[in-house]
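A.B. asks: sequence and predicted structure below; questions after.
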Amino acid sequence: MQSYPKIGQCLAMIGVLALVGCGLEAPPRRTLHPDNAVQAITSDPKAAAAINGGAGDLPPCLPVLSGELVINELLARPAGLDIDGDGQSNLRDEAIEIRLLAAEPRHLDGVALAVGGQPRGAIADPRCHAPGTLFLLVGATAASPALQSGAEVVHLSGQLSLRDDGAQLRLTGRAESVIDQLSYPAAPAGRSQVRAHDSDPWAPLEAHPDTPGGAPHSLGQCPDGAAAPSCWPSAEPG
């Protein structure tokens, strides 16, 4: 009677070998999805470091999760605007404004951008950022714009190459989960497109009205041109 378990194990092994011999693969093992593992961890720095790839590789904060970034404003057709301050207006002046909606510090390292389904590269930024931080995402060759306090510049590993006739923008995380996405219409020349309600991921895009100072955009600022985050009641989403 004691030999039955061994016989069962042998039969199971023979079954696997038979599948392989027929050109079939054994069923894959079930594993925990990286996003689920991340969401199961709250504020444990050691656990966060393990999720991020090992202690010392990345800071003791979690990677940004789905729904924790909102694409707030974009400039797809600079047409005379010099956003990066290099004295020229060209494709390097394309920019996307993003706000962090998480309630705890997050890092953006590994967040990737696709435009119209075409990959444009990823962000390499292992810093921990406070809730409510406003980011200005620019291409790899753009100069770093001088922003008011309360906003951060992050570079993509490639060019933004935004389309003048409109396209879908998609941000994905380290586990290729969608963090935020939207479709923008044909871009007006020399004017950005902004959410109708600031930082609202459900609000549609509209042509940016002139700020009180006469600017056709508010990239890296509050919609009225004031320094972020003075336009928000608090640093936390709400």
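C.D. replies: Thanks, I have it. Numbering: from 1, shown residues only.

A.B. asks: for this structure, which segments count as helices?
C.D. replies: Ranges of helices in the chain, per DSSP state H, are 4-21, 34-39, 45-52.

A.B. asks: can you tell me the average pLDDT over the second one?
C.D. replies: For helix 34-39, the mean pLDDT works out to 37.

A.B. asks: just stretch 224-232 next, same as before
C.D. replies: Taken as a whole, stretch 224-232 has a mean pLDDT of 84.

A.B. asks: can you list contacts of it?
C.D. replies: When contacts are defined by C-beta atoms under 8 Å, 6 or more residues apart in numbering, stretch 224-232 is touched by residues 132, 134, 148-151, 198-199, 211-213, 215, 218, 220-223, 235. Any C-beta I mention is one placed from the backbone N, CA and C, and that applies to glycine too.

A.B. asks: and those, which are buried?
C.D. replies: 132, 134, 150-151, 198-199, 211, 215, 218, 220-223 (16 or more other C-beta atoms under 10 Å).

A.B. asks: can you pull the pLDDT of Leu205?
C.D. replies: 95.

A.B. asks: list the contacts for it?
C.D. replies: So Leu205 contacts 74, 182, 184-185, 193-196 (C-beta under 8 Å, 6+ apart).

A.B. asks: again with Ser89
C.D. replies: Residues in contact with Ser89 (C-beta under 8 Å, 6+ apart) are 78-82.

A.B. asks: between these, which is closest to Ala175?
C.D. replies: Pro78 (33.3 Å; C-beta to C-beta).

A.B. asks: surely the closest one touches Asp86?
C.D. replies: No. Assessed by C-beta atoms under 8 Å, Pro78 is found out of contact with Asp86, at 11.7 Å.

A.B. asks: low-confidence stretches in the protein?
C.D. replies: Applying pLDDT under 70 to the chain flags residues 1-58, 233-238.

A.B. asks: quick one: the strands in it?
C.D. replies: Secondary structure of the chain (DSSP state E): strands located at 62-63, 69-75, 95-100, 106-107, 112-115, 118-122, 134-138, 151-155, 167-172, 178-184, 193-195, 205-207.

A.B. asks: okay, now the sheet partners of the last one, with direction.
C.D. replies: To tie it back to what came earlier, the one meant is strand 205-207. Using DSSP bridges, the strands paired with strand 205-207 in its sheet are strand 193-195 (antiparallel).

A.B. asks: also the third one?
C.D. replies: According to DSSP bridges, strand 95-100 forms sheet pairs with strand 69-75 (antiparallel), strand 134-138 (antiparallel).

A.B. asks: list the buried ones in that strand?
C.D. replies: Within strand 95-100, the residues that count as buried by 16+ other C-beta under 10 Å are 95-100.

A.B. asks: ok, the closest residue to Ala114 other than its chain neighbours - how many residues close by?
C.D. replies: Using C-beta to C-beta, 6 or more residues apart in numbering and skipping residues adjacent in sequence, the residue nearest Ala114 is Arg170, 4.5 Å away. Arg170 is flanked by 20 other residues according to other C-beta atoms under 10 Å.

A.B. asks: what does His217 give?
C.D. replies: 24.

A.B. asks: what values do phi and psi take at it?
C.D. replies: Backbone torsions for His217, taken as degrees, to the nearest 10, come to phi -160, psi 170.

A.B. asks: list the contacts of Arg127.
C.D. replies: Contacts of Arg127 (C-beta under 8 Å, 6+ apart): 59, 107.
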